[in-house]
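Q: okay, here's the prediction I keep looking at, along with the sequence it came from:
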Amino acid sequence: MLEPTPTASLPLEPHEGIAAVVVADAREGAQLVTDSIRATIIRVAIPAVAASLLMTLFSSVDAFWVGTRIGASGLAAVSTSLFWIWMIISLAEMVGVGLTAVAARRHGEGREREASRLAGDSLVFSLVLGVVVAAIGLAWLDNLFQVMHTPPDVTALGRTYLSTYLLGTPLIYGFFAIDATFRASGDTRTPFILLLSSVGITLFLDPALLLGIGPFPRLGIEGAAIATIGTRGVAFLLGTIIAARRGLLQVGRVRFESVRAVARVGMPTAFTGVAFSVIYVVLTRTTTRFGTPALAALGIGHRVESWLFMIGVGFGTATAAIVGQNLGAHRPDRAARAGWLATGFCTLLGVVAFGLELGIPAQFASLFTSDPAVIAEAVRYLRIASVSQLAVCAEVVLEGALGGAGETVPPMIASTALTASRVPLAGLAADRWGSSGIWWVISLTAIGRGVAMASLWRWGRWKRKSI
């Protein structure tokens, strides 16, 4: 068994998920448990939020090109594909969440070498899992769209987009493992720099491959999927090289106990995401009753909402590292305060999002389409959903904080139950109020999830969690 090494004796680099052994600044790991909480949250969260927003920027630009060049059917195809992509990403988050929690706890305990081994084992596991998921997805591709009852033109485009995305799944899974490696050690800067470089490249590749600009072939919606894979794929490859050079990543014979520890913590979060995806697939069947404009509007709504959601993800991933390391250093009260402060900072932006979605929804919708029917439906969605923006940060930030503590089962139960209630409620609401009824059900259950996460954080059972 490796002997614990005092954290201050090692140059430690804060980041997300692999393991830090030798890094640039020896003070960074200790700062997560000694510096002012406000300053620590801002220092760690800003790069994490910026990295999340880079992904949102790319995704919004991607939707712009698909919506304006391929049309409402293309936008609906990407939107319905996303419900399955969420499931794919949820399984990747099993590694990301589990590795962050376990490795951050080891960093807080001063066991840097053990964190590094955890990261290497998790990386290998994530790549193998990515190959398995891709193979299953491609084998069941036709059934994935049949179950949603999507129109034929949407199905044809969606099938092309999703099959291309599935081929890049191992790269996506590898990115989550590398990202978690840096985050667990407290370093959120490196992933931001990596994503900044890769997004810069893929923002050019997206229209080039979709439209066939210059020497690039015209691939249509398939080109958009390739660019999407490229964003995280390039970050994964570069991140692996950097992590290995810094000594954050130690790959050897995979230890089953490491994989089991990571999976045990991350599995409830993965289950939540998978259940969320399945529920949305069923919900899509209700939405399909109102035609392609409603499906496209749902996609536009998700794109607009994703800006605040991803800001919350950034705050949540940063808070997870702070919580994990402070619990490892036996400072649960400091961890609790970090969760509330991070939620408060993010919610200030939620108030801004509420005002914008309520005040200028047509302007948002027109960024992605010129179809009047789609714009009208998207305006309804955004106005109804605007109120939920006041609770999104409580849900996402505190769910991340609970994950950093290794407390993932109660959030899974609460979130899944509220999301599952959308299926019967949306059907009843659609019968009475049309598509607006569906949008109200989505909005109100989102608020319920925010209240649930705040209640779990206040309960405080997570402070006694041992991992």
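A: Received it, and whenever you're ready, just let me know what you need. Since this is a predicted model, take the numbers as computed values, not measurements. Numbering: from 1, shown residues only.
Q: lowest-pLDDT helix or strand in this protein?
A: Lowest on mean pLDDT, DSSP states H and E among the helices and strands of the chain sits helix 28-34, with a mean of 58.
Q: contacts for stretch 289-300, please.
A: With contact meaning C-beta atoms under 8 Å, 6 or more residues apart in numbering, stretch 289-300 is reached by 63, 67, 72-73, 75-76, 78-80, 82, 150-151, 154, 284, 287-288, 364-365, 368-369, 371, 373-374, 376-378, 380-382, 430, 434-435, 438. For every residue, glycine as well, the C-beta is placed using N, CA and C.
Q: of these, buried ones?
A: 63, 67, 72-73, 75-76, 78-80, 82, 150-151, 154, 284, 287-288, 364-365, 368-369, 371, 374, 377-378, 380-382, 430, 435, 438 (16 or more other C-beta atoms under 10 Å).
Q: re the thing from before, from the contacts of stretch 289-300, which land in helices?
A: Secondary structure from DSSP state H places 63, 72-73, 75-76, 78-80, 82, 154, 284, 287, 364-365, 373-374, 376-378, 380-382, 430, 435, 438 of these in helices.
Q: surely Leu367 touches Phe64?
A: Yes. Counting by C-beta atoms under 8 Å, Leu367 touches Phe64, with 6.2 Å between them.
Q: excluding chain neighbours, what is closest to Ile242?
A: The spatially closest residue to Ile242, leaving aside those adjacent along the chain, is Thr190, at 6.4 Å (C-beta to C-beta, 6 or more residues apart in numbering).
Q: distance from the chain centre to the helix or strand the one you found falls within, please.
A: Assigned by DSSP states H and E, Thr190 belongs to helix 189-211. Going by C-alpha atoms, centre = their mean, to the nearest Å, the spacing between the C-alpha centre of helix 189-211 and its chain's C-alpha centre is 17 Å.
Q: what comes up buried for it?
A: In helix 189-211, counting by 16+ other C-beta under 10 Å, buried: 189-195, 198-199, 202-203, 205-210.
Q: summarise which helices and strands whichever helix or strand comes after that helix is packed against.
A: Of the helices and strands lying after helix 189-211 in sequence (DSSP H and E), the nearest is helix 221-246. Under the contact criterion of 3 or more C-beta pairs under 8 Å, 6 or more residues apart in numbering; DSSP states H and E, helix 221-246 touches helix 37-65, helix 72-109, helix 152-167, helix 169-184, helix 189-211.
Q: one more time with 6 Å, if that's ok
A: Judged by 3 or more C-beta pairs under 6 Å, 6 or more residues apart in numbering; DSSP states H and E, the packing partners of helix 221-246 are helix 152-167, helix 169-184, helix 189-211.
Q: and it, how far out from the chain's middle?
A: The answer for helix 221-246 is 16 Å, by C-alpha atoms, centre = their mean.
Q: and that helix, which residues are buried?
A: Here helix 221-246 shows 221-236, 238-240, 242-243, 246 as buried, counting by 16+ other C-beta under 10 Å.
Q: for the residue nearest the centre of the chain, which non-adjacent residue is spatially closest?
A: Nearest to the geometric centre of the chain sits Val313, at 6.5 Å (C-alpha atoms, centre = their mean). Once flanking residues are discounted, Val313 sits nearest to Ser52: 4.9 Å by C-beta to C-beta, 6+ apart.
Q: what is the mean pLDDT for stretch 256-274?
A: On average, the pLDDT along stretch 256-274 is 85.
Q: please tell me how far the residue nearest to Ile242 sits from Ile178.
A: Separation of Thr190 from Ile178 (C-beta to C-beta, to the nearest Å) stands at 9 Å.
Q: try Ser126
A: 9 Å.
Q: then Gly212?
A: For Gly212, the distance to Ile178 - C-beta to C-beta - is 32 Å.
Q: show me which of these two is the more surrounded one.
A: Ile178 (35 against 14; other C-beta atoms under 10 Å).
Q: per-residue pLDDT of Gly17, please?
A: 30.
Q: could you count how many residues lie near Gly252?
A: Neighbour tally, Gly252, other C-beta under 10 Å: 9.
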